[in-house]
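Engineer: Got a predicted structure plus its sequence, pasted below:
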Amino acid sequence: MSKKPGPQKTPPGGRGGTERPPTRGNGSGGRGALEGSREAKRIAVVVLEVLAGTCTTAEGAAALGITTARYYQLEARALQGLIAALEPRTRGPGQRPESRISALERERDRLARELARSQSLVRLAHRAIGIASPAPAKPAAGGKARGGGKKKRRRRTTARVRRVVGALREPPASPSEEPAQGAGDGRDVA
């Protein structure tokens, strides 16, 4: 019995022969798949041509209308961007700011509970050995809570005001005497 060759099965990709592995991404794979401005794409093409050896750096710089020094700067920037883009990424979705905030809030709550527990253990230890626990610190009223320094002294104006009012009420002894110096202008003489 001879075995007849049957109909060839076509691979799932619809092509015969060697099959390319499936690509990842948006599937277009053509030039339209790359995003960027026209100028950036033009520079990328020239840099790749120079790196491939199809033209020299002087020809590439001339094609872009720049000096060779500037070309080398652009080439270094392009290669650095390539390397940065190929760094390994973490798997799964990236961390959203909302999830980071909720994780930090959970951590804060856990630390607050731990602090309260530690404080109660210290109070119990103080009671057990007979040491009076210090009273919990209360924020001071007024300026001390905000600034942490001394409160500003309030100016005593009553003594000065009384002297001025007294000097204004007393009539001069004789018309030739002048009123006390500084009594009428509100300034303190002492």
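Structural biologist: Perfect, thanks for sending it.

Engineer: Give me the pLDDT for Thr157.
Structural biologist: Note on Thr157: pLDDT of 59.

Engineer: nope, Lys151 is what I meant
Structural biologist: Reported pLDDT for Lys151: 76.

Engineer: Pull the number of nearby residues for it.
Structural biologist: Lys151: 11 surrounding residues under other C-beta atoms under 10 Å. (C-beta placed from N, C-alpha, C; glycine too.)

Engineer: and it, helix, strand or coil?
Structural biologist: coil (DSSP: H, G, I helix; E, B strand; the rest coil).

Engineer: got a list of what Thr68 touches?
Structural biologist: Thr57, Ala58, Ala61 (C-beta atoms under 8 Å, 6 or more residues apart in numbering).

Engineer: ok, the last one - contacts?
Structural biologist: Residues near Ala61 by C-beta under 8 Å, 6+ apart: Thr67, Thr68, Arg70, Tyr71.

Engineer: swap the cut-off to 10 Å and go again
Structural biologist: Neighbouring residues of Ala61 by C-beta atoms under 10 Å, 6 or more residues apart in numbering: Val46, Val50, Cys55, Thr67, Thr68, Ala69, Arg70, Tyr71, Tyr72, Leu74, Glu75.

Engineer: The longest helix along the chain - what's its average pLDDT?
Structural biologist: Using DSSP state H, we find that the single longest helix of the chain is helix 97-129. What helix 97-129 shows for mean pLDDT is 93.

Engineer: All further residue positions should be reported with the first residue as 866.
Structural biologist: Sure, I'll start counting at 866 from here, so that last one is helix 962-994.

Engineer: and this structure, what are its domains?
Structural biologist: 901-950, 964-996 (automatic domain parsing).

Engineer: Endpoint to endpoint, the first one covers what distance?
Structural biologist: Right, the one you point to is domain 901-950. 15 Å (C-alpha to C-alpha, to the nearest Å).

Engineer: from the contacts of Ala926, which would you call buried?
Structural biologist: For those, a burial check counting by 16 or more other C-beta atoms under 10 Å picks out Val911, Val915, Tyr936, Leu939, Glu940.

Engineer: in what helix or strand does the first one lie?
Structural biologist: Element membership of Val911 [criterion: DSSP states H and E] is helix 903-917.

Engineer: ditto for Arg935
Structural biologist: Going by DSSP H and E, Arg935 is in helix 933-950.

Engineer: and that helix, what's its mean pLDDT?
Structural biologist: 93.
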